[in-house]
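# What follows is a predicted protein model with its sequence.
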Protein chains: 2
Amino acid sequence: MTTFPQLDAFRRGPGLIRLVGHRGARGVMPENTMEGFEFTLACGVTLLEFDVAITRDGVPVITHNHHLTRSVARDASGAWLQGEEPKLSALTWDELAQYDVGGLDGQSAYGQRFPDQAYLNGVRIPRLRDLCDLVAQPQHKDVHLMLEIKSDPERLQDATARAEIVAAVIAEVRSAGLTQRTLMHSFDWNLLAECARQAPEMPTSFLTQLPENDADVGEDEATQAGPEITADTYNTLPGLVAEAGGKLWCPYYLDVTADSVLRARELGLIVAVWTVNEPDDIDQMIDLGVDAIVTDYPGRVQRKLLDRGQDWLERG
Amino acid sequence: MTTFPQLDAFRRGPGLIRLVGHRGARGVMPENTMEGFEFTLACGVTLLEFDVAITRDGVPVITHNHHLTRSVARDASGAWLQGEEPKLSALTWDELAQYDVGGLDGQSAYGQRFPDQAYLNGVRIPRLRDLCDLVAQPQHKDVHLMLEIKSDPERLQDATARAEIVAAVIAEVRSAGLTQRTLMHSFDWNLLAECARQAPEMPTSFLTQLPENDADVGEDEATQAGPEITADTYNTLPGLVAEAGGKLWCPYYLDVTADSVLRARELGLIVAVWTVNEPDDIDQMIDLGVDAIVTDYPGRVQRKLLDRGQDWLERG
């Protein structure tokens, strides 16, 4: 059986619950940017979650939605994107690099969700390679990546497109020497199967969300290309993840229950809940005994853990 | 008449209200630390407020209180400071550097005021020299310092002590070549007079707070060594600042009124209000037409200004 050293970085331990920075630290710094990742690392957070999509010319880039988003992207003149939102798959890397994603439009519903986020200028959508290069530096040897691949909703059934993006992503991770520090993470179960096929040396991490709890205003839907699950059949989900070869199960925090966490643990799965931002919810997830908490506000989770005499890292 | 180029950086303009990071960005990163200043600069904030006190061996260091504070300082073993809080003036720089100030104790009243603040390890109280060295780098040529000198409450009447700390601070600022980018900022009017005497090339900035509004839990009191002012005589305050040679007036945001801001403007004073953190309060200060807002949450003020079509920096 393959052992995956990176799993230990995401597994809870005595007095230890793991902290994963969501898109860097979206509550504080622009999401999915090098500036945000650098901030998150500077806070002593070593687990980074982020999203990867692919440009028309095959460059894996770090961004969440499958189109440039009006509330996030400014054009070369500094104006918020007008008119139709261009698809990433229609733009080359050079074209994409013209846009500034250093801040949110406070007039937008999405912007209003993150009123504390810093507003920067001249911030580009990074390539996966840029983050890999940063993390490959010796001072970041303890950093691990929760690399979410976003399935283009229009190409969910397209096995060729799927194989291509997976190949492009794996090539970058391998080239940076990070296969033992990366999880392949997705809502798309077919895509995760393709990851396991192409890169059996990297474990897969299965995102789930009950349709009734999908309320992430201003973002692409999760488009869970996986089994249809309801609240009634929820406790079967860990079993399905394990059968599919998953090593992590990543449920939405409003879905998850004590029973399902227990079931996951019996199956040897690591449970990482997303995206947990409110202090009461953080407390509840710690009480539930999850392995890892994915958050937009790393400082809040740090404080909650310390208040309980717990930590997110083993200290030397 | 002396002109002070640094004043322009703090003065409002058309569509422009200035943003000053309070102790760096206390809401997000540990206060008065290099890590916090670097974060604040990375957010595109070019005006830094911070506090300077002096060690037993005469080293100006950046910290707020006149004693090491239990809720902020951990000892060499990582434990929160126990027992009596040592006075800064009783410690040498080497002794001070043993303490870690990278986070807040969430059990303390002070810690609970900043629940989002990141928790770092191995963070030292910086010397004034460390910050000056950073800001003297060419990429930070637009950065300006609002350098608050804290009067030791037990030595308010001690002219020798006052002359010594002022001399030590000015020596660092001059040595780094930052006299045209620094304001001398204090609650202590005698100390500001000493600054003007020793360094007439640097303008002075007068902090004020009405005693009835002093409610900064967990911090040294402001110990305003200046005229006794009440709400009834509040509008005389700008005149007193101007007479004392002040170029900036820095009232507590809960004290300030439209009339007093108008009066200050008539006198040619720049008005910088502190410390404004709640979104409604930020709106109110923008409406009042202050020159600058000092905040623990730079991202919040950035967002508020942009929502109104305003900015905190002149863009090239």
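Done, it's in.

# Contacts only, for A:Asp158.
Shown in contact with A:Asp158 (C-beta atoms under 8 Å, 6 or more residues apart in numbering or on different chains): A:Asp152. (Glycine included, C-beta is placed from N, CA and C.)

# Could you measure from it over to B:Asp100?
Spatial separation of A:Asp158 from B:Asp100 under the definition C-beta to C-beta, to the nearest Å is 53 Å.

# do A:Glu95 as well
Applying C-beta to C-beta to A:Glu95 and B:Asp100 gives a distance of 47 Å.

# which of the two has more neighbours?
B:Asp100 (20 against 15; other C-beta atoms under 10 Å in any protein chain shown).

# What separation do you get for the residue lying closest to that one once chain neighbours are set aside and B:Met29?
For B:Asp100, the nearest residue in space outside its immediate sequence neighbours is B:Arg74; the separation is 4.4 Å by C-beta to C-beta, 6 or more residues apart in numbering or on different chains. Distance, B:Arg74 to B:Met29, by C-beta to C-beta: 16 Å.

# Also A:Val261?
33 Å.

# neighbour count winner among those two?
Here A:Val261 and B:Met29 are compared on neighbour count by other C-beta under 10 Å; more neighbours surround B:Met29, at 32 against 21.

# A helix includes that one, no?
No - secondary structure assignment places B:Met29 outside any helix; it is coil (DSSP: H, G, I helix; E, B strand; the rest coil).

# mind listing what it touches?
A:43, B:35-36, B:39-40, B:117-118, B:120.

# Check which helices and strands the lengthiest strand in chain A is in contact with.
Once chain A is assigned using DSSP state E, the strand that runs over the most residues is strand A:47-54. The helices and strands touching strand A:47-54, judged by 3 or more C-beta pairs under 8 Å, 6 or more residues apart in numbering or on different chains; DSSP states H and E, are strand A:18-22, helix A:34-42, strand A:60-62, helix A:128-135, strand A:144-149, helix A:159-175.

# Alongside chain B, which residues does the stretch 1-150 of chain A contribute?
For the stretch 1-150 of chain A, the contact set with chain B under C-beta under 8 Å from any C-beta of the partner chain comprises A:27-29, A:35, A:38-39, A:42-44, A:78, A:103-104, A:106-107, A:111, A:115-121.

# one more time with 10 Å
Counting by C-beta under 10 Å from any C-beta of the partner chain, the positions of the stretch 1-150 of chain A adjacent to chain B are A:25, A:27-30, A:35-36, A:38-40, A:42-45, A:78, A:102-107, A:111-112, A:114-123.

# and if you look at the stretch 201-316 of chain A?
Remark: the part of the stretch 201-316 of chain A in contact with chain B comprises A:279, A:297-308, A:311-313, A:315, using C-beta under 10 Å from any C-beta.

# please redo it, this time with the cut-off set to 7 Å
By C-beta under 7 Å from any C-beta of the partner chain, the part of the stretch 201-316 of chain A that sits against chain B consists of A:279, A:297-300, A:302-303, A:306-307.

# how about those residues in a markdown table, adding neighbour count?
As requested, these are exported to a markdown table (neighbours: other C-beta atoms under 10 Å in any protein chain shown):
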| residue | neighbour count |
| --- | --- |
| A:Pro279 | 16 |
| A:Tyr297 | 26 |
| A:Pro298 | 27 |
| A:Gly299 | 26 |
| A:Arg300 | 23 |
| A:Gln302 | 25 |
| A:Arg303 | 25 |
| A:Leu306 | 18 |
| A:Asp307 | 17 |
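
# can you pull the pLDDT of the nearest residue to A:Met146 once chain neighbours are set aside?
With sequence-adjacent residues excluded and distances taken as C-beta to C-beta, 6+ apart, A:Met146 is closest to A:Glu49, at 4.1 Å. Among the per-residue scores, A:Glu49 holds a pLDDT of 98.

# List the contacts of A:Glu49.
When contacts are counted by C-beta atoms under 7 Å, 6 or more residues apart in numbering or on different chains, A:Glu49 is found next to A:20-23, A:146, A:148, A:294.

# Looking at the residues you listed, spot the one nearest chain B.
Nearest to chain B, judged by C-beta to the nearest C-beta, of the contacts of A:Glu49 is A:Gly21 at 10.6 Å.

# What score does the closest residue to the closest one other than its chain neighbours have for pLDDT?
Across the structure, with C-beta to C-beta, 6+ apart as the measure, the residue nearest A:Gly21 apart from its sequence neighbours is A:Thr40 (4.0 Å). Among the per-residue scores, A:Thr40 holds a pLDDT of 98.

# ok, now A:Ala163?
A:Ala163 is assigned a predicted lDDT (pLDDT) of 95.

# While we're on the closest residue to A:Val217 other than its chain neighbours, how confident is the model there?
Leaving aside its sequence neighbours, A:Val217 sits nearest to A:Ala109 (C-beta to C-beta, 6+ apart; 4.8 Å). Reported pLDDT at A:Ala109 in the predicted model: 94.

# What distance do you get for A:Ala109 to B:Arg181?
Computed with C-beta to C-beta, the distance linking A:Ala109 and B:Arg181 is 40 Å.

# Over to A:Cys43?
Separation of A:Cys43 from B:Arg181 (C-beta to C-beta): 28 Å.

# for chain A, what are the low-confidence residue spans?
Per-residue confidence for chain A (pLDDT under 70) gives these ranges: A:1-2, A:215, A:221-224, A:316.

# where along it do the strands fall?
For chain A, applying DSSP E gives strands covering A:18-22, A:47-54, A:60-62, A:144-149, A:182-186, A:204-208, A:248-251, A:270-273, A:292-295.

# Name the strands paired with the second one and say parallel or antiparallel.
When you say that, I think you mean strand A:47-54. Using DSSP bridges, the strands paired with strand A:47-54 are strand A:18-22 (parallel), strand A:60-62 (antiparallel), strand A:144-149 (parallel).

# Next: the fifth one.
Within its sheet, strand A:182-186 is paired with strand A:144-149 (parallel), strand A:204-208 (parallel), according to DSSP bridges.

# ok, residues contacting the shortest one?
Same thing as strand A:204-208. In contact with strand A:204-208 (C-beta under 7 Å, 6+ apart) are residues A:146, A:183-187, A:189, A:192, A:195-196, A:224, A:226, A:229, A:237, A:241, A:244-252.

# Give the bridge partners for the residue nearest to B:Asp100, please.
Here B:Arg74 sits in beta bridges with B:Trp80, B:Asp100, as judged by DSSP bridges.

# residue contacts, A:Gln112?
A:Gly106.

# sorry, that was for A:Met202
When the contact criterion is C-beta under 7 Å, 6+ apart, the partners of A:Met202 are A:179, A:182-184, A:195.

# So which of those residues is the closest to B:Glu219?
A:Leu183 (42.9 Å; C-beta to C-beta).

# residue contacts, A:Arg113?
So, once contact is read as C-beta under 7 Å, 6+ apart, A:Arg113 ends up touching A:217-218.

# Identify the residue spatially nearest to A:Tyr99, adjacent ones excluded.
Leaving out its chain neighbours, the residue that sits closest to A:Tyr99 by C-beta to C-beta, 6+ apart is A:Ala73, at 4.6 Å.

# ok, and what's touching stretch A:174-185?
Counting by C-beta under 7 Å, 6+ apart, the neighbours of stretch A:174-185 from elsewhere in the structure are A:5-6, A:132-133, A:135-136, A:143-149, A:173, A:192, A:195, A:199, A:201-205, A:207, A:248, A:250.

# how close does A:Asn244 get to chain B?
That one is not Asn; residue A:244 is Ala. 36 Å (C-beta to the nearest C-beta, to the nearest Å).

# That residue - nearest residue in space that isn't next to it in sequence?
The spatial neighbour of A:Ala244 that comes closest, neighbours along the chain excluded (C-beta to C-beta, 6+ apart), is A:Trp189 at 5.9 Å.
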